[in-house]
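[1] Have a look; sequence and predicted model below, questions after that.
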Amino acid sequence: EKSVGEYYKLYNKDFHLVMKQTKLLSDPMQANRESDINHIDYIIPEDLPDKKREYTQFIAKECMLRKLNMYGCNVNEWREMLRVCIKYEKRIQFLLTARQWHQEGIEKVPLVETIELLVPCILHLENRVGEKLINMILRFGFQKRRQSPSAFIAELQEVFRREVLGSPECPSQWKLPFKEDADGSIQLEPIQERKTVVRGMVNDIDKILENAIPESEQDFKAKLIVACSKYSEAKKLLTLHRALTDDEMDVFQDLVDDFFETWMELFGNDGMTNYLHLLGSGHVLYFLRKYKCLYIFSQQGWEALNAVCTAYILQNSSRGGCGSGQNKSKSYIFPLIRYLMRDLLWRTKMADNFFLEKES
């Protein structure tokens, strides 16, 4: 209450009334914040005078709502004043929420408040679930095979090369991973591939099933084919580059439920992973209903920098190069960090904003 009172003294405006009437958005996690004309971080297009005028009028209304002194200021200075207000408003909102928790007997921050920020990366989910599907199918087929281990691996490898990842005219060079122990026994190794390869495997999973599962397991194969088709349909909905409707979300979870029930019946706990749990338990649906589209929260672009960093170090360093030079000032780590910082600045549009402000 003290903070609410201080807010009134500072801006001569009731906090609850401002919160009720404001249309200003300030969520830093909003994916399209720089193109949303109601957001504080909106990038004002200099070449579109109508948009610029519309946004200036919107910011002016928000300043007048809070009774800020706008005399002699431009729109960017108004925004800076609003950012100060927003920080204060968020602090008050947190204090009011904390007071409500205290009244309800909650002594710690509810876990759901934190979990709602931990949006799963659906592209990483797609990759890991796809790997699990392929690995479990190959492991089952390997255990039920009638031919020798080497013959099974050779046959399946040709299927992957000529039917899944390539064609008879242009076969892929992909190799099925396996290891041979000291006693001569052969065991399959888990498949770990990049997203495009795994996606290609899942898209042609029927061909893998037909060749990996023996004829003696026809019922098992039929159930698995149906389950995998359900998963493929659900995956297409989940990875759409737009907001899903409520009906599409219901269809998505129905498909996931059908897949998950059959998958657990066939493989039990051995077929479970963290991402499969997120799907089957409805956690992904929860985030989908909250944010409508999870594709915008994907992190694969950032993770792709791992390969860039590795290539940078391998191509620009040599053994014994670290700490050499005059006063041991040479280092390949600092240039790499500077590269990552520049990349981050451009990805987050902070570099764009910096140069736009320099030009204005």
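    Cool, the structure landed. Numbering: from 1, shown residues only.

[2] Find the residue closest to Leu336 in space, skipping its chain neighbours.
    Sequence neighbours aside, Tyr312 is the residue nearest to Leu336 in space, at 5.7 Å (criterion: Cβ to Cβ, 6 or more residues apart in numbering). For every residue, glycine as well, the C-beta is placed using N, CA and C.

[3] On the pLDDT front, check the one you found for me.
    Tyr312 is assigned 79 on the pLDDT scale.

[4] Could you look up the SS state of it?
    helix (DSSP: H, G, I helix; E, B strand; the rest coil).

[5] Below-threshold pLDDT in the stretch 101-250 of the chain: ranges please.
    By pLDDT under 70, the weakly predicted segments of the stretch 101-250 of the chain are 107-114.

[6] Helices of that one, residue ranges please.
    111-115, 122-144, 149-159, 195-203, 205-212, 218-238, 246-267 (DSSP state H, counting those that start in this stretch).

[7] Tell me which of those helices is the most buried.
    Per residue and on average, the most neighbours among the helices of the stretch 101-250 of the chain fall to helix 122-144, with a mean of 20 (mean count of other Cβ atoms under 10 Å).

[8] Can you show me the CA trace of it as PDB?
    Extracted in PDB, the C-alpha atoms of helix 122-144 (Å, rounded to 0.1, in the frame of the first residue of the first chain):
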ATOM      1  CA  ILE A 122       9.700 -27.800 -29.900                       C
ATOM      2  CA  LEU A 123      12.400 -28.200 -32.500                       C
ATOM      3  CA  HIS A 124      14.600 -29.800 -29.900                       C
ATOM      4  CA  LEU A 125      11.600 -31.900 -28.800                       C
ATOM      5  CA  GLU A 126      11.000 -33.000 -32.400                       C
ATOM      6  CA  ASN A 127      14.700 -34.000 -32.700                       C
ATOM      7  CA  ARG A 128      14.900 -36.000 -29.500                       C
ATOM      8  CA  VAL A 129      11.600 -37.700 -29.800                       C
ATOM      9  CA  GLY A 130      12.400 -38.600 -33.400                       C
ATOM     10  CA  GLU A 131      15.700 -40.100 -32.300                       C
ATOM     11  CA  LYS A 132      14.000 -42.100 -29.600                       C
ATOM     12  CA  LEU A 133      11.400 -43.500 -32.000                       C
ATOM     13  CA  ILE A 134      14.100 -44.600 -34.500                       C
ATOM     14  CA  ASN A 135      16.300 -46.100 -31.700                       C
ATOM     15  CA  MET A 136      13.600 -48.100 -30.100                       C
ATOM     16  CA  ILE A 137      12.400 -49.500 -33.400                       C
ATOM     17  CA  LEU A 138      15.900 -50.500 -34.400                       C
ATOM     18  CA  ARG A 139      16.700 -52.000 -31.000                       C
ATOM     19  CA  PHE A 140      13.500 -54.100 -31.100                       C
ATOM     20  CA  GLY A 141      14.200 -55.300 -34.600                       C
ATOM     21  CA  PHE A 142      17.800 -56.100 -33.700                       C
ATOM     22  CA  GLN A 143      16.600 -58.200 -30.800                       C
ATOM     23  CA  LYS A 144      14.000 -60.100 -32.900                       C
END
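
[9] Helix 195-203 and that helix, what's the angle between them?
    50 degrees (axes from the mean of the first three to the mean of the last three Cα atoms, to 10 degrees).

[10] so how far is Thr22 from Cys63?
    From Cys63 across to Thr22, the span is 11 Å (Cβ to Cβ, to the nearest Å).

[11] that older thread, I'd like to know which of the helices of the stretch 101-250 of the chain is closest to Ile59.
    Ile59 lies closest, by Cβ to Cβ, to one member of the helices of the stretch 101-250 of the chain: helix 111-115, at 29.7 Å.

[12] thinking again about what came up before, indicate which one of the helices of the stretch 101-250 of the chain is closest to Gln300.
    Of all the helices of the stretch 101-250 of the chain, helix 122-144 comes closest under Cβ to Cβ, at 4.4 Å.

[13] Show me what that closest one packs onto, helices and strands only.
    helix 149-159, strand 186-188, helix 195-203, helix 205-212, helix 218-238, helix 274-280, helix 300-303 (3 or more Cβ pairs under 8 Å, 6 or more residues apart in numbering; DSSP states H and E).

[14] how about a cut-off of 7 Å?
    strand 186-188, helix 195-203, helix 205-212, helix 218-238, helix 274-280 (3 or more Cβ pairs under 7 Å, 6 or more residues apart in numbering; DSSP states H and E).

[15] what's it in contact with?
    152, 156, 188, 190-192, 195, 198-199, 201-202, 205, 208-209, 212-214, 217, 228, 235, 238-239, 267, 271, 273, 275-276, 294-295, 298-300 (Cβ atoms under 7 Å, 6 or more residues apart in numbering).

[16] Next: stretch 203-220.
    Contacts of stretch 203-220 (Cβ under 7 Å, 6+ apart): 133-134, 137-138, 140-141, 144-146, 155-156, 159, 163-164, 201, 221, 224-225, 228, 266.
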